[in-house]
Structure formats: C-alpha cells, structure tokens
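Engineer: No sequence on hand, only this structure:
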C-alpha cells in the first residue's frame, strides 16, 4: 500500500484522491488550508486520513494542488521535510515562476512540474469527480530537471489514470496556455460582467439566453482564489494575448461599422476552420 | 392532416420538420435555396414533399427559416401567395427590421415574428435534431400586430413542441439578444481568430486546450451565412455592446498591468454571481 499525500483537496487535488483510491493500492493523506474543505474531503472519501507536516516524510509521493501563489513556499517546505525517495509534483496552471524559484534548490530533482489539462469551472472538494483525468493530457515541464526515476513514477501514475503525458519547456507552456486557457477565462469573465452590467433585470437574461451564452460564460463561474494568482503570474503573456484579442475585436467592430458584408463573411468562414481543432479536444 | 410548409431546411427549419412529424398529424412540405440541402432533408425524413410556390396557398401554415437578409422579401412573397387562413412565422434571430418592413403590409396580421431560443453551433439539414425545442423558450415579438386566431395557432404549435412562449417588443428583443447571444458569438469567433493567428502549429492547440477553451470557442463553428446578416442587421445594438465589452476588457488589462490583486479578486467574485443565472438556462 503506497502512501500519497495531497495538499489542497479542491477540484483537482480531490479528483486525484478519488482516482487513486479507485485504482487501489494507495492510502491517501490529505491537507487543506480550509478545515471545512478537509472535513468534506475526508467525509466524501477523497482521502483516508489527515496529512500533517510530520507525516510528509512517510509519504511515497506528495501532490501539491493549491493556488499558484502559495506553491513556491509550499514546494520548498515539502521538499525539505521529505526523504530522498519521495516524489512531489504540483498541478498548477502556470509554471515559469515555480520553475525558476526551485531551480537552485538542492532537492529540485525530486520535484516534477506537472499540469493536468482537466479543469472545470467548479471548485472545492464538492467539485472533485471520478474519471476527471481519463483520456486527458498531462503536461510535464522541464523534465530534464527531475530525477529519472522520480519522473518515471510521476509519468506512470498519470498513465494509470488514463492520461497521456507531454513534455514542454515551462516558458513555452505559459505562453501557449495564455492563449488556450487563460484568455478563455478572461473573455468569459468579462462577457459575464458586460451582460450583468446592463441586464439588471435577471429575468430578461433567463428568457433570452440560450445554450450558446451559457457555453461562452460558463468559465465565469471559476474560482477567484484559483484564477487571480494565475492571471497575475502570467501577466506578461496574458497582456500580449489580450492586446491581440482586443485588436481583433476592434477590427471586427470596424468591419461592422462600415457594413463590410463580404469581408465579415470571409473572416467568419476562415475562423470556422477552428472547428476541426475543437472537435479533437477531449 | 395539416399541411405545413418549411422554407429553409437547416438546423432550425429541419428541426421543426422533425418535431412536427414526431407529433403526428402534419404533412411537411419543404423548400431550400440549396437543392442539395433539400434532397438531404427529404431523404432524412425532415419533410415529406417538396414545397413549390404554387403550393403555398394549400398550406395551413408556413415556417420561414432562412438567413435574416432573405426574410423580408420572402415574407412578402409568401404573404401574397397564401390564403387568408394561412399563418406564417419566421425564426430569425433579429426582429426590428422585419417588423418595420412588414408593418404596412395589408396581410401583416397573418404573420407572427417568432424566435425559438434553441440554436446550436451546427448548421444545415444534418444538424437538425429531434427534441431541439423541448423545454426551451420561444420569443414572439409585437404580438399585437398579429391576428388573434393566427397568433393562437402559432402559440399552440410551440407549446405542443414543449416550448414556453414569451412576448416582447421587437426593438427590445434585438437589444437584449445583442447581449445574450450576438456578443457571445462575436467573442467566440474572435477568440478563435486570436488563437489561430498565433498557434500556427495546430498540435500545440490540441495539446494544451481543455474543455474550457472548447466551450468558449464552440460558437466559432457557427455558419457565416446565418451570422453575417444577423451581425449587420443588429449593427447599432451590437456596436454598443461591443464597446462595453471592450471597455471591460481594457479595465481588466489595466488592473492586471498594475497588479491589482485585491481588485481583480473582488471583480471575479462579483462576476461569479452569474453562475446562478447560467445554471437556470436550459
């Protein structure tokens, strides 16, 4: 029976607990900054026992699934309280900062920078679900900085959960993820704000909003605790991506202003090509 | 056996055909500007027979489900070729233009301005599906301009399909729908463009894009034939809504630029309230 520690029992951490318990052969120890969340997680069977810092050293592996602004300090604390065989990985949505923070640490090799592409708009232990990772992608950053055996354990664990591992440079990860995840969250949040600003009478939103609206604003339900630090840490890449998005919106507005029928049609048809890409997303 | 004509056998028109045939008691006559689409519709059983203009007068009712730029001319043609008992309704996503175009027509009372809130990002007869309207909202505009008996027939038909009818002024409809549908389509299209502009290597999009990205850009698959005329006809309302959206995006970018941690957290938390509204959308 392997002992796995999970720090942070929200959507992602809690789902690791569920998935590992379903696999069998793992005893799950959990910690959470919120006592209420920890109790929920223990009661829901996402974990077997509470994880206290004095138990870190007994763990075979520890998963850090906390907001990205808390990660660096926690990563160092866990590295320093664990033995030479314990693997540790985080699940954060942004990597460069943590990568450079850890780069000089003597125990860096036991750490794996990992990012399961498996979020939903929900958060907390109640959002954890079985099968969340099944068929999804896991991105591992700067694999060369981790010990080969440690890396293999983390890779194997994700494969057991039904995931495919891919490897990327941390900087590259953060730049790409700004386009395909962070910008989606921003557009969704601000779309939500735009509608709420004017549609003070909720009944009208209800009446006329269809599944298309629900789809584009569903990420506006995402947790501010999770996303505020992500946006701030990926500030530079995000501002660049937002400028490009704003430019495209302004360009479209000018086509509309000038009633450029054919240009709009051609543009939309060109964008339609993204359909075959989206359809490939699991 | 009632005879119903459907002009335009795409997602919406085709789904009316399917739904009415499933109800029973209707014989469906269909027309489409595309011979290929019409044949597909007939072969798929969305309709029983081809509808030619000489048959308009035999119909009990005619549904116009064509792009909004084609609607006004077609509405007049159909009104003028039908008898005094034939009801006609359109399914367009925008209403003011058609409302004012028809307002002086002698046969206006046989026309109902109708908009089923039931689209998907797919188009054409192949996108038609049973149950598309079940549990959804149907908006009827300017009901006072339609004959009472005609109106009742159209209301009853939508109720039979499992829909709830609501009534709105055409101008109000167009202003609200700019927020809760048209802006979502624009944000989705331009989000798609922003990512395609830079992520020329599709493999990277595949790798890192999760369900959140797919959700926010799925409307970018929508038909340019349907949406170009909608955007152009709702130009004024849309430009206003887009300006507000751009303002919100710029505000967020400035918070990010200045690393306003608390302000961003507070803003996202406020926007989270939209969650309970979205969850009410069917």
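Structural biologist: Cool, got the structure. All values derive from a computational prediction rather than experimental measurement.
Engineer: Now do whichever residue of the stretch 1-150 of chain A sits closest to chain B against residue B:215, distance only.
Structural biologist: Nearest residue of the stretch 1-150 of chain A to chain B: residue A:117, at 4.4 Å (Cβ to the nearest Cβ). Every residue, glycine included, has its C-beta placed from N, CA and C. Separation of residue A:117 from residue B:215 (Cβ to Cβ, to the nearest Å) stands at 13 Å.
Engineer: same check, this time on residue A:190
Structural biologist: Separation of residue A:190 from residue B:215 (Cβ to Cβ) stands at 16 Å.
Engineer: repeat for residue A:51
Structural biologist: Computed as Cβ to Cβ, the residue A:51 to residue B:215 distance reads 34 Å.
Engineer: Please apply the same query to residue A:86.
Structural biologist: In this structure, residue A:86 and residue B:215 are 37 Å apart, going by Cβ to Cβ.
Engineer: Contacts only, for residue A:59.
Structural biologist: Residues in contact with residue A:59 (Cβ atoms under 8 Å, 6 or more residues apart in numbering or on different chains) are A:3, A:4, A:5, A:29, A:51, A:82, A:86.
Engineer: go on, residue A:94?
Structural biologist: A:68, A:173, A:174, A:177, A:230, A:233, A:234.
Engineer: quick one on the thing from earlier: more neighbours: residue A:190 and residue B:215, which one.
Structural biologist: Taking neighbours as other Cβ atoms under 10 Å in any protein chain shown, residue A:190 and residue B:215 compare with residue A:190 leading, 26 against 22.
Engineer: where does the more buried one land in three-state SS?
Structural biologist: helix (DSSP: H, G, I helix; E, B strand; the rest coil).
Engineer: per-residue pLDDT, the closest residue to it other than its chain neighbours?
Structural biologist: Leaving aside its chain neighbours, residue A:190 sits nearest to residue B:248 (4.4 Å; criterion: Cβ to Cβ, 6 or more residues apart in numbering or on different chains). Listed pLDDT for residue B:248 reads 97.
Engineer: Neighbours of residue B:248, how many?
Structural biologist: Residue B:248 has 20 neighbours, counted by other Cβ under 10 Å.
Engineer: same check, this time on residue A:240
Structural biologist: Residue A:240 sits with 14 neighbouring residues when counted by other Cβ under 10 Å.
Engineer: and it, what does it touch?
Structural biologist: Counting by Cβ under 8 Å, 6+ apart, residue A:240 makes contact with residue A:178.
Engineer: how far off helix B:235-257 does the helix or strand harbouring it point, in degrees?
Structural biologist: Residue A:240 is part of helix A:235-257, with elements assigned from DSSP states H and E. With axes from the mean of the first three to the mean of the last three Cα atoms, to 10 degrees as the basis, helix A:235-257 and helix B:235-257 are set at 170 degrees to each other.
Engineer: quick one, what contacts the residue nearest to residue A:190?
Structural biologist: With Cβ under 8 Å, 6+ apart, residue B:248 has these contacts: A:190, A:193, A:194, A:197.
Engineer: Return the closest of the residues you listed with respect to residue B:77.
Structural biologist: residue A:194 (38.7 Å; Cβ to Cβ).
Engineer: Ignoring the adjacent residues along the chain, who's closest to the closest one?
Structural biologist: Using Cβ to Cβ, 6+ apart and skipping the chain neighbours, the partner closest in space to residue A:194 is residue B:245 (4.6 Å).
Engineer: are any of the contacts of residue B:248 buried, and which?
Structural biologist: Buried by 16 or more other Cβ atoms under 10 Å in any protein chain shown: A:190, A:193, A:194, out of the contacts of residue B:248.
Engineer: Any chance of CSV for those, columns distance to residue A:94 and pLDDT?
Structural biologist: Listed next are the buried ones among the contacts of residue B:248 as CSV, based on distance: Cβ to Cβ, whole Å; pLDDT from 0 to 100:
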residue, distance to residue A:94, pLDDT
A:190, 20, 97
A:193, 23, 95
A:194, 26, 94
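Engineer: Pull up the pairing partners for the host helix or strand of residue A:27, direction included.
Structural biologist: In the assignment (DSSP H and E), residue A:27 maps to strand A:26-31. Partners of strand A:26-31 in the sheet, by DSSP bridges, are strand A:2-7 (parallel), strand A:49-50 (parallel).
Engineer: Just after it, pick out the following helix or strand.
Structural biologist: Next element after strand A:26-31 (DSSP H and E): helix A:35-43.
Engineer: tell me what that following helix is packed against?
Structural biologist: Using 3 or more Cβ pairs under 8 Å, 6 or more residues apart in numbering or on different chains; DSSP states H and E as the contact test, the elements touching helix A:35-43 are strand A:26-31, strand A:49-50.
Engineer: and of those strands, who's closest to residue A:138?
Structural biologist: Using Cβ to Cβ, the nearest of those to residue A:138 is strand A:26-31, at 17.5 Å.
Engineer: buried ones in the closest one?
Structural biologist: When burial is assessed from 16+ other Cβ under 10 Å, strand A:26-31 yields the following buried residues: A:26, A:27, A:28, A:29, A:30, A:31.
Engineer: Tabulate those in TSV, adding columns for pLDDT and distance to residue A:254.
Structural biologist: As requested, the buried residues of strand A:26-31 are exported to TSV (pLDDT from 0 to 100; distance: Cβ to Cβ, whole Å):
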residue	pLDDT	distance to residue A:254
A:26	97	57
A:27	98	61
A:28	98	55
A:29	98	57
A:30	98	53
A:31	98	53
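Engineer: Chain B: which of the contacts of residue A:94 is nearest?
Structural biologist: Among the contacts of residue A:94, residue A:177 lies closest to chain B (Cβ to the nearest Cβ), at 5.6 Å.
Engineer: what does the domain assignment say about chain A?
Structural biologist: Following automatic domain parsing, chain A resolves into domains at A:2-168, A:173-278.
Engineer: So what touches stretch A:107-116?
Structural biologist: By Cβ under 8 Å, 6+ apart, the residues outside stretch A:107-116 that reach it are A:12, A:75, A:79-80, A:82, A:84, A:86-93, A:95, A:98-99, A:102, A:105, A:133, A:136-143, A:145-147, A:150-151, A:154, A:158, A:163, A:170, A:173, A:177.
Engineer: let me redo that: stretch A:148-164
Structural biologist: By Cβ under 8 Å, 6+ apart, the surrounding residues in contact with stretch A:148-164 are A:19-20, A:23, A:61, A:87, A:89, A:109-112, A:114, A:116, A:133-138, A:140, A:143, A:146, A:165.
Engineer: Which of those residues fall in strands?
Structural biologist: Residues of these located in strands (DSSP state E): A:61, A:87, A:89, A:111, A:112, A:114, A:116, A:137, A:138, A:140, A:165.
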